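K.L.:
Got a sequence here, can you build the structure:
(2 chains)
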Amino acid sequence: MNTLEFTAVVGFGALLAGFLGALTGLGGGVVVVPLLTVAFGVDIHYAIGAALVSVIATSSGAAAAYVREGYSNVRVGMFLEIATTIGALVGTALVLHLRVSIISIIFGVVLLYSAYASLTEHEHSGGNTGPDRIATWLRMDSTYPTPNGLESYHVRGVPQGFLLMFVAGVLSGLLGIGSGAVKVLAMDKAMKLPFKVSTTTSNFMIGVTAAAGAGVYLRRGYIDPGLAMPVMLGVLAGSLIGARVLARAKVRVLRLVFSSVIAVLALEMIYNGLK
Amino acid sequence: MRDQTEQRMDEIMGRLLRTGVILAAAFVLAGGVVFLVRHPEPVTNYRVFQGEPEELRTVSGIFHEALALRGRGLIQLGLLILIATPIARVAFSVVAFLYQRDWTYVVVTLIVLGLLVYSLFGGGG
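P.N.:
Residues are numbered from 1 along each chain as shown, chains lettered A, B, ... in the order given. Below is the predicted model:
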């Protein structure tokens, strides 16, 4: 295979990964790493480097649209970014100390959880209780647009959310992913944000978390231009197409199929790690 | 509560993110074309991790390579713009919170900005 062929094949794979990631809500990065390592035999350091930059692209692209609609809670996002960026720096430090097989197994487990989480319906907690002391002090309570006009909501569980966000950051820096599933878990379950607010705020934060990890990756030489180029362009294009399809089609079945594919990739990574 | 200023800030932030991503993609694409035209030899071996050379790992090195119109340098500059986009967003938020005299969040965003700048220029390498 020459360079042009390799670029074309990887670019097409990344396009599929971005498309898949958008449809399942998992994000492109989480699919790119197993694709590159399992299917193309790429070393995991190059794979997480290329994946993490594509995560910034999709997250920033999507956040640009969301932020104007007024769903994302900028204060909650900013405050929690302290936790995710510190976590990301810890994660990038861990890469140096953990064996590739261990990273591979952790990746597989996170991938399995993400696939499972994307399939389970979000029974929305919503039942907004009274104000919370810390959240009030941090002026996190806000409003979001609903069909019946602006609705206000209270934020809760700031310490738990902060802790979970730290974990999300560590995983992001260690695995080159956006950790969207853990971020939504923190905001949806622990902080009781309305669903649409937690998904958009999570997306808004993913770019910043990924930028922290990518800065370190770049200086360590994990980001190879020849590999990152088709991956970043492919994932970005794929996620844009995926977002369009998502808005139009009923994707329940597609989502089930794709999540199964992802589960297989996850098991493959765990198997490779254990070998 | 969201008010007029906050809405305006969100709009600027949205535009900032969009511009960053488009600019980054344009550089990566242009660099990709140069890279592919000049690299007919067998594909780089990605099976074994070797790490990138110095000139593709540092901000100054990347600028130097991009100005020389080398393919890899241009791609790396695009990726650098991409990494800088969320950082610019955070920097903008500092200004936005200053404007709103929201001192708590000026401090919060400055901490995040500091961590990001540290990750790109500081230790942990």
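
K.L.:
For the chain, which segments count as helices?
P.N.:
All of this is about chain A. Here chain A has its helices, by DSSP state H, at A:3-24, A:29-34, A:40, A:44-69, A:74-97, A:100-119, A:133-137, A:158-175, A:180-184, A:195-220, A:225-248, A:252-274.

K.L.:
wrong one, chain B
P.N.:
For chain B, the helices defined by DSSP H occupy B:4-38, B:59-67, B:71-99, B:103-121.

K.L.:
Just send the helices of chain A back as CSV, with distance to chain B and mean neighbour count too.
P.N.:
Heads up, the C-betas are built off the backbone N, CA and C, glycines and all. Listed next are the helices of chain A as CSV, based on distance: least, C-beta to the nearest C-beta, whole Å; neighbours: other C-beta atoms under 10 Å in any protein chain shown:
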stretch, distance to chain B, mean neighbour count
helix A:3-24, 4, 22
helix A:29-34, 13, 29
helix A:40, 7, 16
helix A:44-69, 4, 27
helix A:74-97, 4, 23
helix A:100-119, 9, 19
helix A:133-137, 8, 13
helix A:158-175, 9, 24
helix A:180-184, 14, 25
helix A:195-220, 4, 28
helix A:225-248, 4, 22
helix A:252-274, 13, 16
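
K.L.:
Nearest approach to A:Tyr144 belongs to which of these?
P.N.:
A:Tyr144 sits nearest to helix A:195-220 of all the helices of chain A, at 5.2 Å, using C-beta to C-beta.

K.L.:
Please name the nearest non-neighbouring residue to the most centrally placed residue in chain A.
P.N.:
Nearest to the centroid of the C-alpha atoms of chain A, with distances taken as C-alpha atoms, centre = their mean, sits A:Gly178, at 2.7 Å. Computed as C-beta to C-beta, 6 or more residues apart in numbering or on different chains, the closest residue to A:Gly178 that is not its neighbour in sequence is A:Ile206, at 4.1 Å.

K.L.:
Where does pLDDT dip in the stretch 151-275 of chain A?
P.N.:
Under the criterion pLDDT under 70, the flagged ranges of the stretch 151-275 of chain A are A:246-251.

K.L.:
Surely the residue nearest to the centre of chain A touches A:Thr209?
P.N.:
Yes: counting by C-beta atoms under 8 Å, A:Gly178 sits close enough to A:Thr209 to count as a contact (7.3 Å).

K.L.:
Any idea how far the helix or strand of chain B with the lowest mean pLDDT is from the middle of the chain?
P.N.:
The least trusted helix or strand in chain B, going by mean pLDDT, DSSP states H and E, turns out to be helix B:4-38, with a mean of 89. Distance of helix B:4-38 from its chain centroid, counting by C-alpha atoms, centre = their mean, to the nearest Å, is 9 Å.

K.L.:
returning to that earlier point: in contact with the residue nearest to A:Gly178, which residues are there?
P.N.:
Contacts here follow C-beta atoms under 8 Å, 6 or more residues apart in numbering or on different chains; on that basis A:Ile206 touches A:27, A:55, A:59, A:172, A:178-180, A:183.

K.L.:
Check the gap between it and B:Tyr118 for me.
P.N.:
To B:Tyr118, A:Ile206 is 19 Å away according to C-beta to C-beta, to the nearest Å.

K.L.:
go on, A:Tyr71?
P.N.:
Counting by C-beta to C-beta, the separation of A:Tyr71 from B:Tyr118 is 30 Å.

K.L.:
Which one's more surrounded, the two?
P.N.:
For A:Tyr71 against B:Tyr118, the residue with the higher neighbour count under other C-beta atoms under 10 Å in any protein chain shown is A:Tyr71, and the figures read 20 against 16.

K.L.:
For the more buried one, which non-adjacent residue is spatially closest?
P.N.:
With sequence-adjacent residues excluded and distances taken as C-beta to C-beta, 6+ apart, A:Tyr71 is closest to A:Thr200, at 4.2 Å.

K.L.:
Might one say that the one you found is in contact with A:Ser72?
P.N.:
Yes: look at A:Thr200 against A:Ser72 with C-beta under 8 Å: they come within range, at 4.3 Å.

K.L.:
Which neighbours do those two have in common?
P.N.:
Common neighbours of A:Thr200 and A:Ser72, counting by C-beta under 8 Å, 6+ apart, are A:63, A:66.

K.L.:
re earlier: the helices of chain A: which one's closest to B:His39?
P.N.:
Proximity to B:His39, assessed across these by C-beta to C-beta, is greatest for helix A:3-24 (4.8 Å).

K.L.:
Counting by contacts, list what that closest one packs against.
P.N.:
In this structure, helix A:3-24 makes packing contacts with helix A:29-34, helix A:40, helix A:44-69, helix A:225-248, helix A:252-274, helix B:4-38, judged by 3 or more C-beta pairs under 8 Å, 6 or more residues apart in numbering or on different chains; DSSP states H and E.

K.L.:
please redo it, this time with the cut-off set to 10 Å
P.N.:
For helix A:3-24, the contact count by 3 or more C-beta pairs under 10 Å, 6 or more residues apart in numbering or on different chains; DSSP states H and E identifies helix A:29-34, helix A:40, helix A:44-69, helix A:100-119, helix A:225-248, helix A:252-274, helix B:4-38 as packing neighbours.

K.L.:
can you tell which of the ones you listed is closest to A:Met78?
P.N.:
With respect to A:Met78, and counting by C-beta to C-beta, the nearest of the helices and strands packed on helix A:3-24 is helix B:4-38 at 11.5 Å.

K.L.:
related to what we said a few turns ago, for the helices and strands packed on helix A:3-24, could you give me TSV that also reports distance to A:Leu218?
P.N.:
Below are those laid out as TSV (distance: least, C-beta to C-beta, whole Å):
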stretch	distance to A:Leu218
helix A:29-34	16
helix A:40	21
helix A:44-69	8
helix A:100-119	19
helix A:225-248	10
helix A:252-274	24
helix B:4-38	13
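
K.L.:
Quick one: end-to-end distance for stretch B:62-73.
P.N.:
Distance between the two ends of stretch B:62-73: 6 Å, counting by C-alpha to C-alpha, to the nearest Å.
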